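Student: Whatever this is, show me its structure:
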Amino acid sequence: MRLSNLADYAVVTMSAAARHCGGGRTSATELAEETGLPLPTVQKLVSILGKAGLLRSVRGAGGGLQLARPAAAITVADIVEAVEGPIALTQCVEGQDCAVDHACSLKPHWPFINQALRGALAGIPLTQLVVQREAA
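Tutor: Now for the predicted structure:
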């Protein structure tokens with residue numbers, strides 16, 4: 001399994017946003033500068049992550065972007081799903097057609113496998129990514 005570039009960039013962007021926690025606000029421009037990502041990409045991600053309830057925009061003087069909930073309550077799974085949709089290794093679990101669906105003995109097991117993968121990503125809070133980077 002490989003994440004799309006956009007999902008990867010979303011994790012990078014959210015990690016940068018998390019470094020502004022504690023009342024600090026940031027902007028898409030600042031996030032682009034900090035991460036080295038193109039500003040249009042960060043702006044697109046801000047929109048996606050905002051719709052998913054992970055980032056929020058505060059208007060007015062002193063406004064800007066901030067996490068919509070504490071960094072400890074946001075996981076890598078939340079971020080990946082905001083960009084990619086539900087975490088699933090195979091398309092058949094999502095109800096899409098499969099050429100061998102009629103003879104597949106693994107189909108009943110994929111939900112458990114997908115849940116294990118999601119559980120692993122859900123076990124990594126955004127705070128862990130920020131702490132590891134600061135320690136490096």
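
Student: List the contacts of the most centrally placed residue in the chain.
Tutor: For the chain, the residue nearest the mean C-alpha position is Ile79 (1.5 Å; Cα atoms, centre = their mean). By Cβ atoms under 8 Å, 6 or more residues apart in numbering, Ile79 lies in contact with Ala7, Ala10, Val11, Met14, Leu49, Leu54, Leu126. All C-beta atoms are positioned from the backbone trio N, CA, C, and that covers glycine.

Student: So for the helix or strand hosting the fifth one, what gets flagged as buried?
Tutor: Element membership of Leu49, judged by DSSP states H and E, is helix 39-51. By neighbour count, with 16 or more other Cβ atoms under 10 Å as the criterion, the buried positions of helix 39-51 are Thr41, Val42, Lys44, Leu45, Val46, Ile48, Leu49.

Student: Against Trp110, how distant is the nearest residue to Pro38 once chain neighbours are set aside?
Tutor: In this structure, Pro38 finds its nearest non-sequential neighbour in Ala32, 6.7 Å apart by Cβ to Cβ, 6 or more residues apart in numbering. Per Cβ to Cβ, to the nearest Å, Ala32 is found 37 Å from Trp110.

Student: Fine by me, thanks again.
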